[in-house]
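> what would the 3D arrangement of this be:
(3 chains)
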Amino acid sequence: MPPRYALIDCNNFYASCERLFRPDLRQRPVVVLSNNDGCVIARSAEAKALGIPMGAPYFKYRALLRRHGVAVFSSNYALYGDMSARVMGVLARFCPEVAVYSIDEAFANLSGVPGGADAFARRLKATVEAWTGIAISIGIGPTKTLAKLANRFAKNHPRLRGVFDFAASQDPDRLLRHTAIADIWGIGRRHGARLARHGVGDALAFRDLDPTWVRRKMTVTGLHTLLELRGQPCHALADGPADRKTILSSRSFGQPVAGLDELREATALHMVRAAEKLRRLHAVASCAHVFLHTNPFRPGLPQHNDSASVPLAVATAHTPTLIRAVHAGLARIYREGFEFKKCGVMLSGLEPVDGRWLSLLDLPPNDTPAHAPLMRAVDTLNARWGRDTVTFAAVGPREAAWHMRRDMRSPRYTTAWPELPEVRA
DNA sequence: TCTGGGGTCCTAGGACCC
DNA sequence: TCTGGGGTCCTAGGACCC
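Coordinates of the predicted model:
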């Protein structure tokens, strides 16, 4: 049976999560800001109607937001992650095959579902909304790219009531003609602008281009997009289990940082986070990387961007060893006299912890087997009592000035006991 | 003052080897 | 001063996604 892909996604996900526990905001526009309260990354329908673009820098829009009584939130990933797990749980319970694609999206294969794809999707939508309070939209098509496209129509045309099957269309060419080139999944700003210069402005024109030309100008990625628009699947439901290749932890500072001591604390904190993720994947890393950036938005200031890679003698998930590695890298790239805006660490050469290669040389003393129980104990305590119940001295004081800003974070309603919502009769 | 963070994939080019 | 072809591996950079 040919696949019938569905793209299921949550409407204005972060903004919807914020509203769940704040019924007073039901009619008010809501926006959610990125880490550090830098820019707008989620908008309720009312906020979109006010003309606030995705990615709008907060400082430029603050006055407008205030004028229109927009409720503004710092991002609260504890809440969004938990709500995402609930939505995905419902999907997994009812769909024969699901692949989670992002925090607010999943693909499913609805081929052969009882009662037909459209009726099934409508039941699924009603169930998710009743059980979680999060509204979703569903697009269906013979390829993932067309399912994505169908999802846009489901969202943008209220008469479809949130579900649209591309195959049900009387005139598919017309749908493609009404899809702007940059709204195609897989075609971003750069290629969109380039195609527009060649007179290719919509999905229909792109679909009918010469595949050889597209292959040459846009690599196989672009070719796959074209073929998928023609109904020929190039992406499987789950494109391989996608073993992670890297783990990254980085952030802009709440305020500029010039001193080495603070950079050592910040990189240590990033490594604590990265190593937590590494152990959650039951993996070890064989290389640690560290990087520094000054502020690219201030080209007048002296700029210094650099990175260093530190190979590890033995692949490990031992946080202190990894911190020592990035501190060694940091010493190589740090320069005095610069205002740094951002730093981060990356782990690469990931291997499953059970199948790792041991060095032919003796194990270095910092990777003795005793370290695994210690890390396990740290992770267990933090899982039970909350993040950073126990941590590492190298990360420095908990209230350091360089930590990111999130001045408008809502309570972690569903994941922290002290922040449970209270209901008064 | 104030412009996110975390990923993937693809390609070109250099280093190195035989 | 002249001097090949073929292969692998790594890295940097570009493009995309949410």
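> please list all residues in contact with whatever residue of chain A ends up closest to DNA strand C.
Closest contact between chain A and DNA strand C, by Cβ to the nearest atom of the strand, is at A:G188 (2.3 Å). Using the backbone N, CA and C atoms, a C-beta is placed for each residue, glycine as well. Applying Cβ atoms under 8 Å, 6 or more residues apart in numbering, one finds that A:G188 lies in contact with A:A182.
> do you know how far it is from A:G222?
The spacing between A:G188 and A:G222, counted by Cβ to Cβ, to the nearest Å, is 11 Å.
> what of A:I136?
Separation of A:I136 from A:G222 (Cβ to Cβ): 29 Å.
> so the two - more neighbours on which side?
A:I136 (28 against 21; other Cβ atoms under 10 Å).
> where does pLDDT dip in the stretch 201-350 of chain A?
A:239-242 (pLDDT under 70).
> which residues of it fall in helices?
A:203-207, A:211-229, A:260-280, A:319-333 (DSSP state H, counting those that start in this stretch).
> now the ones you listed as TSV including distance to DNA strand C?
Putting the helices of the stretch 201-350 of chain A into TSV (distance: least, Cβ to the nearest atom of the strand, whole Å) gives the following:
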stretch	distance to DNA strand C
helix A:203-207	12
helix A:211-229	7
helix A:260-280	16
helix A:319-333	12
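> got the residues of chain A near DNA strand B?
Counting by Cβ under 7 Å from any atom of the strand, the positions of chain A adjacent to DNA strand B are A:34-36, A:38-39, A:41, A:55, A:57-59, A:219-221, A:239-240, A:242, A:244-252, A:256, A:273, A:277, A:295, A:297-298, A:341-342, A:344, A:404.
> now, which of those residues lie within strands?
Counting by DSSP state E, the residues of chain A next to DNA strand B place A:41, A:246-252, A:256, A:341-342, A:344 in strands.
> report the buried members of the residues you listed.
A:41, A:247, A:249-252, A:256, A:341-342, A:344 (16 or more other Cβ atoms under 10 Å).
> nearest to A:E97 among these?
For these, the residue nearest A:E97 by Cβ to Cβ is A:I247; the value is 27.3 Å.
> how close does the nearest residue to the closest one once chain neighbours are set aside sit to A:D379?
Excluding its sequence neighbours, the residue lying closest to A:I247 (Cβ to Cβ, 6 or more residues apart in numbering) is A:L347, at 4.5 Å. Between A:L347 and A:D379 the distance is 16 Å, computed by Cβ to Cβ.
> where along chain A do the strands fall?
Using DSSP E, strands in chain A cover A:5-10, A:30-33, A:40-43, A:71-73, A:97-102, A:105-109, A:136-141, A:163-165, A:246-257, A:283-294, A:306-316, A:340-348, A:351-352.
> columns distance to A:A180 on top of the ones you listed, output as a markdown table?
Putting these into a markdown table (distance: least, Cβ to Cβ, whole Å) gives the following:
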| stretch | distance to A:A180 |
| --- | --- |
| strand A:5-10 | 18 |
| strand A:30-33 | 24 |
| strand A:40-43 | 19 |
| strand A:71-73 | 29 |
| strand A:97-102 | 22 |
| strand A:105-109 | 20 |
| strand A:136-141 | 16 |
| strand A:163-165 | 17 |
| strand A:246-257 | 31 |
| strand A:283-294 | 33 |
| strand A:306-316 | 37 |
| strand A:340-348 | 33 |
| strand A:351-352 | 43 |
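> export the ones you listed to a markdown table and append columns for distance to DNA strand C.
Output for those, formatted as a markdown table (distance: least, Cβ to the nearest atom of the strand, whole Å):
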| stretch | distance to DNA strand C |
| --- | --- |
| strand A:5-10 | 7 |
| strand A:30-33 | 13 |
| strand A:40-43 | 9 |
| strand A:71-73 | 18 |
| strand A:97-102 | 3 |
| strand A:105-109 | 5 |
| strand A:136-141 | 11 |
| strand A:163-165 | 16 |
| strand A:246-257 | 11 |
| strand A:283-294 | 8 |
| strand A:306-316 | 6 |
| strand A:340-348 | 8 |
| strand A:351-352 | 14 |
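> and A:S252, what does it touch?
Contacts of A:S252 were listed using Cβ under 8 Å, 6+ apart, and they are A:35-36, A:38, A:341-342, A:404.
> nearest spatial neighbour of A:L195, skipping sequence neighbours?
Here the nearest residue to A:L195 in space, its sequence neighbours aside, is A:I181; by Cβ to Cβ, 6+ apart that works out to 5.3 Å.
> my guess is the one you found contacts A:I187. True?
Yes - if you go by Cβ atoms under 8 Å, A:I181 and A:I187 touch, sitting 6.1 Å apart.
> neighbour-wise, which of the two wins?
Legend: neighbour count by other Cβ under 10 Å for A:I181 and A:I187, higher for A:I187 (23 against 19).
> bridged to A:S307, which residues?
Taking DSSP bridges as the rule, A:S307 bridges to A:F291.
> that one: what's it in contact with?
Residues near A:S307 by Cβ under 8 Å, 6+ apart: A:289-292, A:329, A:333.
> by neighbours, which of those residues wins?
Neighbour counts for those (other Cβ under 10 Å) peak at A:V290, which has 28 neighbours.
> I'd like to know how many residues surround A:G300.
Using other Cβ under 10 Å, A:G300 is surrounded by 6 other residues.
> torsion angles phi and psi at it?
A:G300 adopts backbone torsions of phi -70, psi -30, taken as degrees, to the nearest 10.
> go ahead and confirm A:L7 touches A:F153.
No - the criterion here is Cβ under 8 Å, and A:L7 misses it with A:F153 at 11.4 Å.
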